[in-house]
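J.: Output the structure for:
(4 chains)
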There are 4 protein chains.
Amino acid sequence: MSSLDSKWMWLVEWRTKRDAHIWLIDELLLSTRTKYQKVELLKTAGGLRLVLDGKTQSTEEDEWIYHEALVHPAMVLHEKPEDVLIIGGGEGATLREVLKHTTVRRVVMVDIDGELIEIAKRHLVKWHKGSFEDPRVKLVISDGRKFIEREESDTYDVIIMDLTDPTKDSPSRYLYTLEFYKEVKRVLKPRGIMVTQAASPYYAGKVSARIYFTLKSVFKVVRFYMAYVPQFLAPWGFAISSEGPDPLTLSKDEVDKRLKIRLKGKLKYYDGETHEGIFKLPKYVREELGEEIPPSTDEDPVYLPV
Amino acid sequence: MSSLDSKWMWLVEWRTKRDAHIWLIDELLLSTRTKYQKVELLKTAGGLRLVLDGKTQSTEEDEWIYHEALVHPAMVLHEKPEDVLIIGGGEGATLREVLKHTTVRRVVMVDIDGELIEIAKRHLVKWHKGSFEDPRVKLVISDGRKFIEREESDTYDVIIMDLTDPTKDSPSRYLYTLEFYKEVKRVLKPRGIMVTQAASPYYAGKVSARIYFTLKSVFKVVRFYMAYVPQFLAPWGFAISSEGPDPLTLSKDEVDKRLKIRLKGKLKYYDGETHEGIFKLPKYVREELGEEIPPSTDEDPVYLPV
Amino acid sequence: MSSLDSKWMWLVEWRTKRDAHIWLIDELLLSTRTKYQKVELLKTAGGLRLVLDGKTQSTEEDEWIYHEALVHPAMVLHEKPEDVLIIGGGEGATLREVLKHTTVRRVVMVDIDGELIEIAKRHLVKWHKGSFEDPRVKLVISDGRKFIEREESDTYDVIIMDLTDPTKDSPSRYLYTLEFYKEVKRVLKPRGIMVTQAASPYYAGKVSARIYFTLKSVFKVVRFYMAYVPQFLAPWGFAISSEGPDPLTLSKDEVDKRLKIRLKGKLKYYDGETHEGIFKLPKYVREELGEEIPPSTDEDPVYLPV
Amino acid sequence: MSSLDSKWMWLVEWRTKRDAHIWLIDELLLSTRTKYQKVELLKTAGGLRLVLDGKTQSTEEDEWIYHEALVHPAMVLHEKPEDVLIIGGGEGATLREVLKHTTVRRVVMVDIDGELIEIAKRHLVKWHKGSFEDPRVKLVISDGRKFIEREESDTYDVIIMDLTDPTKDSPSRYLYTLEFYKEVKRVLKPRGIMVTQAASPYYAGKVSARIYFTLKSVFKVVRFYMAYVPQFLAPWGFAISSEGPDPLTLSKDEVDKRLKIRLKGKLKYYDGETHEGIFKLPKYVREELGEEIPPSTDEDPVYLPV
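T.: Sure thing, here's the model as predicted:
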């Protein structure tokens, strides 16, 4: 008998009000509610899947695409990343990728949802691979915005924002605003690099363009790039910002050289050629990102329309 | 009342046996069966949608991504494309893009399904924009394989394969084999360029890799590239082949210069920077394409497992 | 390959906003719009299916349950039904059942949608079985309400209302009101019988109860009965009304005797024992039907909430 | 925002391979696996829903229809039911209905799945309403077949089979066979009554007809009856068997009189008129039940094809 006969629950992710992707749930491993969100662990096509408030965050089979794309361009761009801050990233996979860089002496990971971290520690071993136990790691359960506001200036070499998408009621909304980005710039060292996930440009509502435009109001160099993540069905957007270092000036060979010297462990997605490709966007995406849009502010923060 | 209450038919496209994308059908404009395939014209999110045998071929809102990506890299790579052959491409959009090149003197378009062409002429004006009436165009209703076998050698500057994916029972299966590609090479002029759609590398069954490997058994230069098409939910694969010209040696500036000189009409997807980006694949895609696979032959042709 | 792989369109019928029944469309035979409604003919589980404005009207495999249940209790209850009026019933199956009664000399069938009748004549032969050609039949394309208002008093022995459910914008809404039922009573002969489909008591909104209550404001005898129709997923409601004859006084044996004498052709659903069963409703249904509800009037007509 | 936007999991119950009913899961209260089956408690349209191995067993809003229909016809038919045996019935609702009969001195309830009973005790209070605590009740965790085989002859007045449908791999298959029914007859007192759920006659595979026919090979009197349960989308089948008492000889008034004398608590579904209606089946159902089919035996037990 086919799996369609023996299984009975489906995950439905709406893309618009008139189309959705549906996933047969082979196994429901966990369904719980933390103080901040509904958490589900499901087995589907794509393997184990972490779902927060009904939105797939990552799946076993391709989480490495997202996490390598988020972490390595920024880490490699820095000449010697020693002090790293991660905001969000509950699964521990961003942490895993950061720790592959042997230059790193200290990683502070700040996540608002301590219960989610406990779930990840226990159930998402394939994601974090024990990274939470690395002696270089300091885990802080706190609101990311408040944490950064209390940090001293010139503290971090690289800051990585691994957040849920901003939605109307999510606390993460205030981690995509002008005011917040100014705080990020303050706690970065002068040659520091910040990278944030920036939603998908293929979503409604120009969320990516607005995040990009907001960053450009704060940082000298801002570069948008994309990586296709199969389980998201769309290229995902990221933005690197700094007061100096520019990923466009980093050649393929320089990327490969830095990776060779610094990296412990292998990468599957990122290398010099990948680096060159991800910053070269199709013409219409460049044009959309070039439009003038009001920046996202604490008073009028960007959020997904759905 | 919301659209969910007033509408009642959905298009379901299975990606695997355990996940699918579903589209609310706002309007069903046409549902018919030609000698070769089931043809449906639907209005859904994404606008008007052409569906052949249950598979979306293109939609009003993003067909230009696919068609620009298929046509222009090959056309621009040729120093002076005058004689062009299109196999397939029933919607007329590939033809539309080819005709934007002012160097073109003659386009032969060969499609097996004359009824589909008639449907396109009448209903897909947004696709072909009257291209079938251009005096440079010669339309031939014929099996593409047989047509090419009867053509004289050294006839075409550019040959564009705009085909449905090879499936177990489709006639298009024999337009992806070693034997066929040898015939293509024969009818190309010495500096000629061939491009084919090459399925999505994100589909099961290594179809893209096998097409790529088969082409490499026949042509000196073969380059695989990808363009993300939102309605397909995945980057789409293409392969350019030739006995000399190589898209990797074409600089961004040279692409933009050639477009400026030759092109009548505007492009939204393709330009010099897009050109540089699409050939730079992520590491794991390059590795998959590098595997040795038996070539697709008339005896053992490649086809999609689903 | 299973049908789930080769087929791609589904009919979705919402029961509430939170549950629906979905049917794989094996074949789409017709999809058109008449002046009054969207008409689709689909092949699904259940065979050929007539869908009006997204709502299944009847299917090949079980339409006889609905049509026998609608027609025969009223026809058998009349001592000698000669003049019969059908309002609605476009498929021709109600007509087919009426014509089985050899007492019938004349059937006037009034349907508002002439285009639908033409579609039925051509495509629904399994429903009408040529009944439109019977010399006793007079077909009138007209609004049922207007037709009845112009008819002379004391004209019909049996009047059968084979209507679509009343919805907010449907013209059929005014065929379920107090004012209309008074007109029906007027054109019925003194011993005449009227029967109407009365929606499903299992639908939201107490539509059945309100129709029943409205009839009781007009007729001396009103009896509600139900027949389960698999493709509707629920027992369907009907109501018989008269100024005298009462189906509850008709014994099983009398029903069987009348059928034996009068009927040409066989029945699959209805006989004496069925007759006795359909009027015996479960306790909670009787209680719901006993509630006092404002009658449906031209000013405030009953309609389905969805 | 509508519930369709904020919710993301759906329960899908296939009726055939080409149609299904889908329920939005508002809340997932429990998902676990006992030794015998997968157990889910969901909130959907219809309220709280108990799902075993993907099949809805009962819902808060209409479980009383099923349980009243199962229990009372048999209990009322007995002149003085004192010793009652229930096989299955994990929710405790069958028990609840039995205990309403003041004649009852002892109820033995035998269920194979002790973990399910514990779940029911804790989560299904709306079903059992504390019945497990009644001093007349003896709960036995055991295979029903083995239990009955060890019981002494002439022990029970009424035996109620509240089982899951027989499927290919379910242990309940051997509670629908000739051999089992002979054991049931043995442990019934001479005037005893047995009732079993008998699947829906609207399911594929003639399961109901075969259960009915098997019972007729063992008992003198066997009567099939049906009750429509909205959440099952179909009339449900039951069969009463005995060596003497016959529900068809019990008049409406006698049923109401016995209920009035014996019953503590109210009924919503069952009374004298309901009793008369449920045994009067439509003609085609009677004909299907009249067919000769090989009885279900331990060697060739009946089971649902899906």
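
J.: Could you list the low-pLDDT ranges of chain A?
T.: For chain A, applying pLDDT under 70 flags the ranges A:1-6, A:306.

J.: if you go through it in chain order, where are the strands?
T.: Using DSSP state E, the strands of chain A run over A:9-16, A:19-25, A:27-33, A:38-44, A:47-52, A:55-59, A:83-88, A:106-111, A:137-141, A:156-162, A:188-197, A:221-229, A:234-242.

J.: Make a markdown table from the ones you listed and add mean neighbour count to it.
T.: Quick note: C-beta positions are derived from backbone N, CA and C, even for glycine. Conversion of those to a markdown table gives the following (neighbours: other CB atoms under 10 Å in any protein chain shown):
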| stretch | mean neighbour count |
| --- | --- |
| strand A:9-16 | 19 |
| strand A:19-25 | 21 |
| strand A:27-33 | 15 |
| strand A:38-44 | 21 |
| strand A:47-52 | 21 |
| strand A:55-59 | 22 |
| strand A:83-88 | 25 |
| strand A:106-111 | 22 |
| strand A:137-141 | 15 |
| strand A:156-162 | 25 |
| strand A:188-197 | 22 |
| strand A:221-229 | 22 |
| strand A:234-242 | 24 |
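
J.: Which of those sits closest to D:Thr249?
T.: Closest of these to D:Thr249 is strand A:9-16, at 47.1 Å (criterion: CB to CB).

J.: who does the closest one touch, helix- and strand-wise?
T.: With contacts taken as 3 or more CB pairs under 8 Å, 6 or more residues apart in numbering or on different chains; DSSP states H and E, strand A:9-16 sits against strand A:19-25, strand A:55-59, strand D:9-16.

J.: For it, which outside residues touch it?
T.: A:20-25, A:28, A:42, A:44, A:49, A:51, A:54-56, A:204, A:233, A:306, B:45, D:4-5, D:8-12, D:22, D:25, D:40 (CB atoms under 8 Å, 6 or more residues apart in numbering or on different chains).

J.: Stretch A:163-180 now?
T.: The contact list for stretch A:163-180, computed with CB under 8 Å, 6+ apart, reads A:36-37, A:52-53, A:55, A:57, A:87-88, A:112, A:143-145, A:148, A:161, A:196-197, A:199, A:207, A:211, A:214, A:217-218, A:295-298, A:301-304.

J.: A:Lys7: what's it in contact with?
T.: A:Leu24, A:Ile25, A:Asp26, D:Gly54.

J.: Identify the bridge partners of the closest residue to the third one other than its chain neighbours.
T.: Spatial nearest neighbour of A:Asp26, chain neighbours left out: A:Lys43 (4.4 Å); criterion: CB to CB, 6 or more residues apart in numbering or on different chains. With DSSP bridges applied, A:Lys43 shows beta-bridge pairing to A:Glu27, A:Leu48.

J.: So A:Lys43 is in contact with A:Leu29, correct?
T.: Yes. At 6.8 Å, A:Lys43 counts as touching A:Leu29 under the criterion of CB atoms under 8 Å.

J.: Mind listing the shared neighbours of the two?
T.: Between them, A:Lys43 and A:Leu29 share no contacting residue under CB under 8 Å, 6+ apart.

J.: dump the residue contacts of the most centrally placed residue in chain A.
T.: Central residue of chain A (CA atoms, centre = their mean): A:Asp162, 3.3 Å from the mean position. Shown in contact with A:Asp162 (CB under 8 Å, 6+ apart): A:Leu70, A:Ile86, A:Ile87, A:Gly88, A:Gly89, A:Thr94, A:Gln197.

J.: The fifth one reaches A:Val108, doesn't it?
T.: No. A:Gly89 sits out of contact with A:Val108 when judged by CB under 8 Å, with a separation of 11.3 Å.

J.: right, is stretch A:224-238 up against chain D?
T.: No. Between stretch A:224-238 and chain D, judged by CB under 8 Å from any CB of the partner chain, nothing touches; the nearest distance is 14.7 Å.

J.: Endpoint to endpoint, that stretch covers what distance?
T.: Distance across stretch A:224-238, first residue to last, is 6 Å (CA to CA, to the nearest Å).

J.: ok, that stretch near chain B or not?
T.: Yes. For stretch A:224-238, a contact with chain B is found by CB under 8 Å from any CB, at A:Ala227, A:Tyr228, A:Pro230, A:Leu233, A:Ala234, A:Pro235.

J.: So A:Ile278 versus chain C, what's the distance?
T.: 34 Å (CB to the nearest CB, to the nearest Å).

J.: Measure how buried A:Glu115 is and give me the count.
T.: 16 (other CB atoms under 10 Å in any protein chain shown).

J.: Can you name the residues that contact it?
T.: With contact taken as CB under 8 Å, 6+ apart, A:Glu115 is in contact with A:Thr32, A:Thr34, A:Lys35, A:Tyr36, A:Val39.

J.: so how far is A:Trp127 from the closest residue to the first one other than its chain neighbours?
T.: Nearest non-adjacent residue to A:Thr32, counting by CB to CB, 6+ apart: A:Val39, 5.4 Å away. In this structure, A:Val39 and A:Trp127 are 14 Å apart, going by CB to CB, to the nearest Å.

J.: Mind listing the shared neighbours of those two?
T.: The contact sets of A:Val39 and A:Trp127 overlap at A:Leu50 (CB under 8 Å, 6+ apart).

J.: show me what contacts A:Tyr212?
T.: By CB under 8 Å, 6+ apart, A:Tyr212 lies in contact with A:Ala198, A:Val222, A:Phe224, A:Gly237, A:Ala239, A:Leu289.

J.: One more: A:Glu91?
T.: Neighbour list for A:Glu91: A:Leu50, A:Gln57, A:Ser58, A:Glu63, A:Ala120, A:Leu124, A:Trp127, A:His128 [criterion: CB under 8 Å, 6+ apart].

J.: excluding its backbone neighbours, what's nearest it?
T.: In space, A:Glu91 is closest to A:Trp127, 4.2 Å off (CB to CB, 6+ apart).

J.: any chance of the contacts of A:Tyr212 in JSON lines, plus distance to C:Ile261?
T.: As requested, the contacts of A:Tyr212 are exported to JSON lines (distance: CB to CB, whole Å):
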{"residue": "A:Ala198", "distance to C:Ile261": "81"}
{"residue": "A:Val222", "distance to C:Ile261": "91"}
{"residue": "A:Phe224", "distance to C:Ile261": "85"}
{"residue": "A:Gly237", "distance to C:Ile261": "79"}
{"residue": "A:Ala239", "distance to C:Ile261": "86"}
{"residue": "A:Leu289", "distance to C:Ile261": "83"}
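
J.: ok, so of those residues, who is nearest chain C?
T.: Nearest to chain C among these: A:Gly237, at 31.3 Å, using CB to the nearest CB.

J.: Report the beta-bridge partners for that closest one.
T.: Beta-bridge partners of A:Gly237, counted by DSSP bridges, are A:Met226.

J.: likewise the one 5 residues further on?
T.: As for beta bridges, A:Ser242 partners with A:Ile193, A:Val221 under DSSP bridges.

J.: for A:Asp111, same thing?
T.: Bridge pairing for A:Asp111 (DSSP bridges) gives the partners A:Ile141.

J.: From what I see, it and A:Asp143 are in contact.
T.: No. Using CB under 8 Å, A:Asp111 is not in contact with A:Asp143; the gap is 9.5 Å.

J.: contacts with chain C among the residues of stretch A:224-238 next to chain B, please.
T.: Residues of the residues of stretch A:224-238 next to chain B in contact with chain C (CB under 8 Å from any CB): none.

J.: Kindly reformat the residues you listed as JSON lines containing distance to A:Gly272.
T.: Formatted as JSON lines, these follow (distance: CB to CB, whole Å):
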{"residue": "A:Ala227", "distance to A:Gly272": "15"}
{"residue": "A:Tyr228", "distance to A:Gly272": "19"}
{"residue": "A:Pro230", "distance to A:Gly272": "23"}
{"residue": "A:Leu233", "distance to A:Gly272": "27"}
{"residue": "A:Ala234", "distance to A:Gly272": "25"}
{"residue": "A:Pro235", "distance to A:Gly272": "20"}
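
J.: and the two most separated of the residues you listed?
T.: Greatest spatial distance among the residues of stretch A:224-238 next to chain B (CB to CB): A:Ala227 and A:Leu233, at 13.2 Å.
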